[in-house]
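# Quick one: sequence plus predicted model below, questions after.
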Protein chains: 2
Amino acid sequence: MPVNLQAPIADQLKAVKGVRLGTAEAGIRKLNRRDITLIELAEGSRAAGVFTQNRFCAAPVQVCKSHLSLTSPRALVINTGIANAGTGEQGVSNALATCRAVGELLGVAREAVLPFSTGVILEHLPMDRLVAGLPAAQAALKDDGWFDACHAIMTTDTLPKCISRQVDIDGQIVTFTGMSKGAGMIRPNMATMLGYLATDAKLAQPLLDQLVREAAELSFNSITVDGDTSTNDSFILIATGQVGEEIVDEASSEFQILRAEVIDIAQWLAQAIVRDGEGATKFMSIVVEGGKDRDECRKVAYSVAHSPLVKTAFFASDPNLGRILAAIGYASVNDLDVDALRVWLGTDGEEVLVAEKGGRATSYVEEAGARIMKNAEITVRVDLARGDAAATVWTCDFSYDYVKINADYRS
Amino acid sequence: MPVNLQAPIADQLKAVKGVRLGTAEAGIRKLNRRDITLIELAEGSRAAGVFTQNRFCAAPVQVCKSHLSLTSPRALVINTGIANAGTGEQGVSNALATCRAVGELLGVAREAVLPFSTGVILEHLPMDRLVAGLPAAQAALKDDGWFDACHAIMTTDTLPKCISRQVDIDGQIVTFTGMSKGAGMIRPNMATMLGYLATDAKLAQPLLDQLVREAAELSFNSITVDGDTSTNDSFILIATGQVGEEIVDEASSEFQILRAEVIDIAQWLAQAIVRDGEGATKFMSIVVEGGKDRDECRKVAYSVAHSPLVKTAFFASDPNLGRILAAIGYASVNDLDVDALRVWLGTDGEEVLVAEKGGRATSYVEEAGARIMKNAEITVRVDLARGDAAATVWTCDFSYDYVKINADYRS
C-alpha cells in the first residue's frame, strides 16, 4: 500500500514536443503484460545520464553509456521481465542487437538507441520474442504515450509513477514530463530504478550533463528502501530542443527556472519510489543538519535509514529513540560528540525534541512521540552541532510485506 | 527457531576454578524473571575486554573500560531489562553506584567491579530495586552457577548459550567455560552482544590483551544478524590463574593450545548468537577468498551478509544468484573484476560452482542450487581471484519473524 501516492490520471500527463512513446507485449518473461516501451526522440534532441555504481554493471547500462558518448540519442528501448545483468558477453551482444533492431525500424543508427532492462538477473533476453515485439511498439508510438509507458516499465511497483509540469520560460510554455519505476533494491547510487525526465526546452549539452548529476544526487541518490544497489539503475534527462531559444548560460534566469523544475520533478519521482517501497506503510525523511560536510550528514542519514531495527520500529509506530540513537552512533563518524547532538521527531505541523545531552530530552514525553509516529509521514531531524552542512535521505519502513514480497518474487 | 543450536545441559558445563556465579530476580523491568547475574573472581584473576565501537557507548561500557584500566577485576555484575545507554551523566553515576554496591557486598574496591547492562535503551536503571536484588545474587554464588547465569543474561534469545571444554596443558587439566547472549542488533564491532569466557589457566596480561582482540576479530566481530551495532557490546576474557604455571611466552606450545581453544569457543559462542538470530531459519557462512587483503574480503562478505534481498531469498530457499552477485558488486571494492571472480553455493558434503565470467556458470543447473538451499546450513564461497587474503562472516536469513519480533519488542 503506497504511502500518499496516487496513480497518475492520463489527462494530467502532458506530451513533450519531440517525444513519442509506444508500448507492446513481447512475452519476455510472462504473457499478457506490456513489457516493451519504445521512446522516439526528434532530431536535435540531447540527453545525459547517471548510472549504477555496482561493479556488476548490467549489459544495457554498459551499452547505454557507450552510445551516449558517441552520438545524440534518437530512441530509448526499455524491457521489463529480465534485467540482462550478470550475462557476460552474450548479454552485451543482446543489448547491441536490441539497439540495432530498433535502429532499423526507426531508420536511425544503432548508436542512437539507448537500451534499458529491468527484472530478474542472470537470465538471457529472449531475443526472438523481444525483436518480434518491437514493430507493435513502433506502431503504438504517440505524443501522449506517457500514461501507457509508465505502466509498461513497472516490475514490483504497485502504482505507476509519472508527473508533468509546465512553466513559462521567456514567454514560452515549456513542458516537463518524467516517469520512474522501482520499489526494492533501492539505495544510494541508485537501484533497480529507472528514471526518465524529458523537456522540450533546448539546453546546451554541458548544462544538461551538469544538471543530470546534480538532480540525481538530490533525488535518486538520496533514497533507500533496503540498502541494496542494483545492476541496472539509470536516470536519463532529455531535452528535445523543440521550444524556445537554446539555454547556454548557467547564471541565466532561464536555466535557474529549468534547473529548479528538473530537481523538483526528479525528487518527486525518487520519492514516489520510496512511497511505493516494497511493503512500505510509512514515508520517512531523515534530515541531518549541522555537519562538518555533506558526506558525514549522508553517512548519519543512511545509517538511520538502513537500520532494520529503526525501520521495524517505524512499522510498529514505536518511537524507539534508542534504535535511532544507536544508528547515529554507529554511522562511522568517528569523532561525533553524542552529548552535543540533538534529535527531533516530526510530522506535518508538529515537531518534538526527543534527545539531547546523550539521552532522552528532559522535556520529552513518550505520548508526544507516540502521537507523531501514528502518522504516515514522519521526519527524523538530527542536528550534529558541528558545522553548517546538511543532507536529507528518504526511506520507508520495514514490514511483514517486505519479507513476503522478496521471499516470493521469483515464484 | 534456532538453527542447529541446543540448550546446554547443566552437567556438561564445567566449573572454572576461581569463578563463582549467582543470579537473582530484581524486577528491573519485568517481574518473575532472573535479571541480575553476579560473577565473583578469585584474587589474582586477570581479565581483558573488547567493546562496542558505537559512539553512543553505554554508561556501563564506559565504566567497564575505565575500571579494567585501573585494576584487576574481582567481580562482574550483569543486568538485563534496561541497557543503561543514552542515559547521560545519570547513567554513568548509576553504573558506578552499581559497582560500589557490589564492591561493598563482596568486600572489594568499586574499581574491581565490571558492570554490564542489556535491554532497552534510554531508560534509567531502577537503582533501588537493582541494589536490593544484589544480596540474593550474592547468596546464590556457586562454582557451578554457569547454567543459571547463561539463562539470566538472555533478552530476546530463545535459548541460552554456554559451552565448556577441558584440555590437558602440561599435565594439568585446564577448564574453559564461556557464555554469550544476543539475537538482534548484531554486526561487526559487536552488538547487543555480551560474551564471557573464563579459564582457570594463568596467563600473562599482555598475552590476555592480545588474545581477546584476536579472538573477538575472528568471532564476535565476524557475525551479523541485522547490521545494527549496539551501544553495549562487550566480550570479556578472564584467566583466574588457579591452574598450572603462568604462560608468558607467545611462542610456547602452552599458549598455542590455549589460544586455539579460546578462539574456537569464542567462535562457537558468536555463531550461537547467529543461530539464535531473531527469526532465523538458516545459518549462512559467507567465505570470501582470493582478496588483496582481509579488509576487502570482509567488505564483500558483509555486503552479501547484510543484503535484505539476499537474506529474504535464503529464507525462501531461493538460489537467487542475481542478488548475491549484485551484493558483491556494490561492496565498494572499486576495481573488482567481476568477470574473474567465481561463486559457489555449498552445504555439508556438496558444493556447486554457480557463477563465473560475469554470469551464471555454464555447468550450473538451478536444480543443484535449489537442492543446496533446502538445507539449514549454507555456505556462499566467493573467490575474488586477485590475492591470497580471506575472511569469513556468519549470518542468518531474514524472515517474517524478524519483523514480528522487532516490531513488537517493546510492547
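Now that the structure is in, tell me what you want to look at. Numbers count the residues shown, from 1 in each chain, chains lettered A, B, ... in the order given.

# show me where the stretch 301-411 of chain A has helices.
For the stretch 301-411 of chain A, applying DSSP state H, counting those that start in this stretch gives helices covering A:308-315, A:321-329, A:366-373, A:400-408.

# Of those, which is nearest chain B?
helix A:321-329 (2.5 Å; C-beta to the nearest C-beta). No exception for glycine: its C-beta is placed from N, CA and C like everyone else's.

# hmm, back to that, can I get the helices of the stretch 301-411 of chain A in TSV with distance to residue B:195?
Output for the helices of the stretch 301-411 of chain A, formatted as TSV (distance: least, C-beta to C-beta, whole Å):
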stretch	distance to residue B:195
helix A:308-315	20
helix A:321-329	19
helix A:366-373	32
helix A:400-408	29
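
# Figure out which of those helices is closest to residue B:256.
helix A:321-329 (37.4 Å; C-beta to C-beta).

# Turn the helices of the stretch 301-411 of chain A into JSON lines, columns for distance to residue B:324, mean neighbour count and mean pLDDT.
Below are these laid out as JSON lines (distance: least, C-beta to C-beta, whole Å; neighbours: other C-beta atoms under 10 Å in any protein chain shown; pLDDT from 0 to 100):
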{"stretch": "helix A:308-315", "distance to residue B:324": "19", "mean neighbour count": "27", "mean pLDDT": "87"}
{"stretch": "helix A:321-329", "distance to residue B:324": "26", "mean neighbour count": "28", "mean pLDDT": "87"}
{"stretch": "helix A:366-373", "distance to residue B:324": "35", "mean neighbour count": "16", "mean pLDDT": "93"}
{"stretch": "helix A:400-408", "distance to residue B:324": "14", "mean neighbour count": "20", "mean pLDDT": "71"}
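
# Using a markdown table, lay out those together with distance to chain B.
Listed next are the helices of the stretch 301-411 of chain A as a markdown table, based on distance: least, C-beta to the nearest C-beta, whole Å:
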| stretch | distance to chain B |
| --- | --- |
| helix A:308-315 | 4 |
| helix A:321-329 | 3 |
| helix A:366-373 | 10 |
| helix A:400-408 | 4 |
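
# among those helices, which is nearest residue B:235?
helix A:321-329 (18.1 Å).

# Distance-wise, check the closest residue to chain B within the stretch 51-200 of chain A relative to residue B:149.
Going by C-beta to the nearest C-beta, chain B is nearest to residue A:121 of the stretch 51-200 of chain A, at 2.6 Å. Distance of residue A:121 to residue B:149, computed by C-beta to C-beta, to the nearest Å: 48 Å.

# try residue A:2
49 Å.

# Just want to know which of those two has more residues nearby.
Higher neighbour count among residue A:2 and residue B:149: residue B:149, with 26 against 21, using other C-beta atoms under 10 Å in any protein chain shown.

# Just to be sure, that one is in a helix?
Yes - counting by DSSP: H, G, I helix; E, B strand; the rest coil, one finds residue B:149 located in a helix.

# For it, give me its contacts.
Counting by C-beta atoms under 8 Å, 6 or more residues apart in numbering or on different chains, residue B:149 touches B:21-23, B:37, B:39, B:162, B:179.

# what's the closest of those residues to chain A?
Among the contacts of residue B:149, and counting by C-beta to the nearest C-beta, the member closest to chain A is residue B:37, at 22.0 Å.

# Tell me where the model's unsure across the stretch 151-300 of chain A.
A:183-191, A:225-230 (pLDDT under 70).

# Could you pull out the helices in it for me?
Using DSSP H, counting those that start in this stretch, helices in the stretch 151-300 of chain A cover A:205-217, A:253-275, A:294-306.

# send the alpha carbons of the last one over as CSV?
If I follow you right, that is helix A:294-306. Provided in CSV are the C-alpha atoms of helix A:294-306 (Å, rounded to 0.1, in the frame of the first residue of the first chain):
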residue,chain,number,x,y,z
ARG,A,294,27.6,16.8,3.4
ASP,A,295,29.3,13.4,3.3
GLU,A,296,29.1,12.9,7.1
CYS,A,297,25.5,14.1,7.1
ARG,A,298,24.7,11.5,4.4
LYS,A,299,26.5,8.8,6.5
VAL,A,300,24.4,9.5,9.5
ALA,A,301,21.2,9.8,7.5
TYR,A,302,21.8,6.5,5.7
SER,A,303,22.8,4.8,8.9
VAL,A,304,19.4,5.6,10.3
ALA,A,305,17.6,4.9,7.1
HIS,A,306,19.2,1.5,6.6
